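In: kindly return the folded structure for what I paste below:
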Amino acid sequence: MPHRNSFGDRKINFGDRVRIATTKHTQGLGLAGSEGTVLGQTIPSSSEVTDIIGDSLEDYAVNVLVDKAGKGCWFREDLLEYVGPAEMTIEIDGKVFPISAASLGMGGRREQSKSWWQRLQSLFKGRK
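Out: So this is what the prediction gives:
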C-alpha cells in the first residue's frame, strides 16, 4: 500500500527496512537478497544522481544503506521490497535515544500532525 510523502505516493520511505530484489543488475553487483535501511530519496534529473541500479524510466531513486556492502547505493524503487520499520538511534553527548521515521513524521506507516523537527525536539525535552 503506497504512502504519501514529499515524493508522492510511495511504497518505500525514509527509515524503512528493505530487501533488494534478485535481478541481473543486483546479482551482478552481489546485492541480490540483501537488506538495508532507506536513508534518502531523490529525483535524479534535479539532483544529478546518476549511478542508479535498475532499468525504470521513472525519475525517482531510493538510497539504501546496504548491510552486506556497508555502503549506500541508489536503486529504482521497483527493486526494493518493504521489510519493516528500521530501528535507529541518535547519540548526543554520549546519550543514545531510539528514534523511528514514523515517530519523526518522516515517512513510516502513519501520519503525524507535528513536523519531523517538532517530533525530534520532543524526544529531548526534559532530558539532561
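
In: most centrally placed residue in this protein?
Out: Val38 (2.0 Å; Cα atoms, centre = their mean).

In: quick one: the closest residue in space to that residue that isn't next to it in sequence from Phe75, how far?
Out: In space, Val38 comes closest to Asp16 once its chain neighbours are excluded; the distance is 4.7 Å by Cβ to Cβ, 6 or more residues apart in numbering. Using the backbone N, CA and C atoms, a C-beta is placed for each residue, glycine as well. When distance is defined by Cβ to Cβ, to the nearest Å, Asp16 is 12 Å away from Phe75.

In: what of Asn63?
Out: Summarising the geometry, the distance separating Asn63 from Phe75, computed by Cβ to Cβ, is 8 Å.

In: and for Glu58?
Out: Look at Glu58 and Phe75: by Cβ to Cβ, they are 12 Å apart.

In: cool, and Thr22?
Out: Counting by Cβ to Cβ - Thr22 and Phe75 are separated by 13 Å.

In: which SS class is Val62?
Out: On the three-state scheme (DSSP: H, G, I helix; E, B strand; the rest coil), Val62 is labelled strand.

In: correct me if wrong: it contacts Ile12.
Out: Yes: if you go by Cβ atoms under 8 Å, Val62 and Ile12 touch, sitting 5.5 Å apart.

In: what about the helices in the protein?
Out: In chain order, the chain shows helices spanning 24-28, 44-47, 101-104, 116-124, with DSSP state H as the criterion.

In: residues in contact with Ala69?
Out: Contacts for Ala69 were tallied using Cβ atoms under 8 Å, 6 or more residues apart in numbering; they are 30-31, 34.

In: most neighbours, which of these?
Out: Ranked by the number of neighbours (other Cβ atoms under 10 Å), these place Leu31 first, at 22 neighbours.

In: skip the chain neighbours and tell me the closest residue to that one.
Out: If the residues on either side of it in the chain are set aside, Leu31 comes closest to Ile20, at 5.1 Å by Cβ to Cβ, 6+ apart.

In: count the residues that sit near the one you found.
Out: Burial measure for Ile20: 24 neighbouring residues, criterion other Cβ under 10 Å.
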